[in-house]
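Undergrad: okay, structure incoming, though there's no sequence with it:
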């Protein structure tokens, strides 16, 4: 158990809809990262927050947004969903944003868009 | 940009066989290199890392050496077990970045009794 909690574990929705994925980092971790894992693209970095502020942005679509709240949990919002958005979305956390490079991953939220 | 290339799987071995999973990278500067492992139904977890050239990372019988001259970080284990069956990801952290990691495509290892 990494200590990172993601909900929901599974989500099935239709094209055009909007969903929110939630992540609670390990106790004491200030940094949260979102990754997308799909069969054709592999594991892609989406976005990072540190203590409530956006710190780095990767290949995140404009239809996607994220935020980190004062209690340090984070949410990833996916809107106008397309079939290609079906993937496993991982949240990871670390104590700091510059350091060892060790990230602690949750078990992921599997999104299926029909 | 930075990238990581791993050998495609699946790799199927018998128990106690020798394992090598190849990983090469492209990056400017002096990145840190990592191997993460993903067991079925779980998130990724750090297996080992190396932060500078010629460093050897090791954990749970797995080893990898940071070879700057060949831009490689191959994962090895002398005797695999069924419990090693998982997906293995090679990753790098650019030298001037925070903790943002770039991952390879992953290699699935299946170990048969």
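TA: Arrived safely, thanks for sending. The model shown is predicted, which means the values in this text are computed figures rather than measured ones.
Undergrad: where does chain B have low pLDDT?
TA: Applying pLDDT under 70 to chain B flags the ranges B:96-98.
Undergrad: which bits of it sit near chain A?
TA: Contact residues, chain B versus chain A (Cβ under 8 Å from any Cβ of the partner chain): B:32, B:34, B:41-46, B:49, B:89, B:93, B:97-106. Bear in mind the C-beta positions are built from the backbone N, C-alpha and C, glycine included.
Undergrad: pLDDT score for the residue of chain A found nearest chain B?
TA: At 3.2 Å from chain B, residue A:105 is the closest residue in chain A, using Cβ to the nearest Cβ. Residue A:105 carries a pLDDT value of 93.
Undergrad: circling back to that earlier point, any of the residues of chain B next to chain A buried? List them.
TA: B:32, B:34, B:43-44, B:46, B:49, B:89, B:93, B:97-106 (16 or more other Cβ atoms under 10 Å in any protein chain shown).
Undergrad: show me those that map onto strands.
TA: B:32, B:34, B:44, B:46, B:49, B:89, B:93, B:102, B:103 (DSSP state E).
Undergrad: farthest-apart pair in these, please.
TA: B:32 and B:44 (16.0 Å; Cβ to Cβ).
Undergrad: how about stretch B:104-113: buried residues?
TA: Buried, per 16+ other Cβ under 10 Å, within stretch B:104-113: B:104, B:105, B:106, B:107, B:109, B:111.
Undergrad: and for the nearest residue to the fifth one once chain neighbours are set aside, the neighbour number?
TA: Just to be clear, that refers to residue B:109. Closest residue to residue B:109 apart from its sequence neighbours, by Cβ to Cβ, 6 or more residues apart in numbering or on different chains: residue B:11 at 5.0 Å. A count of neighbours around residue B:11, defined by other Cβ atoms under 10 Å in any protein chain shown, yields 17.
Undergrad: show me the contacts for residue B:11.
TA: Contacts for residue B:11 (Cβ atoms under 8 Å, 6 or more residues apart in numbering or on different chains) come out as B:19, B:21, B:107, B:108, B:109, B:110.
Undergrad: ok, so of those, who is nearest chain A?
TA: residue B:107 (11.2 Å).
Undergrad: state the distance from that closest one to residue A:40.
TA: In this view, residue B:107 and residue A:40 are 16 Å apart by Cβ to Cβ, to the nearest Å.
Undergrad: so residue B:53 belongs to a strand, correct?
TA: No. Secondary structure of residue B:53 (DSSP: H, G, I helix; E, B strand; the rest coil): coil, not part of a strand.
Undergrad: and it, what does it touch?
TA: For residue B:53, the contact set (Cβ under 8 Å, 6+ apart) comprises B:30, B:66, B:67, B:68.
Undergrad: what do you get for residue A:42?
TA: Residues counted as contacts of residue A:42 (Cβ under 8 Å, 6+ apart) are B:103, B:104, B:105, B:106.
Undergrad: now with 7 Å?
TA: Residue A:42 makes contacts with B:103, B:105, B:106, as judged by Cβ atoms under 7 Å, 6 or more residues apart in numbering or on different chains.
Undergrad: next to chain B, which bits of chain A? Give me the list.
TA: For chain A, the residues in contact with chain B (Cβ under 7 Å from any Cβ of the partner chain) are A:2, A:4, A:31, A:42-43, A:45, A:48, A:55-56, A:90, A:94, A:97-99, A:101-103, A:105-108.
Undergrad: for the closest residue to chain A within chain B, which non-adjacent residue is spatially closest?
TA: Nearest to chain A in chain B, going by Cβ to the nearest Cβ, is residue B:43, at a distance of 3.2 Å. Spatially, and ignoring its direct neighbours in sequence, residue B:43 is nearest to residue A:105 (3.2 Å; Cβ to Cβ, 6+ apart).
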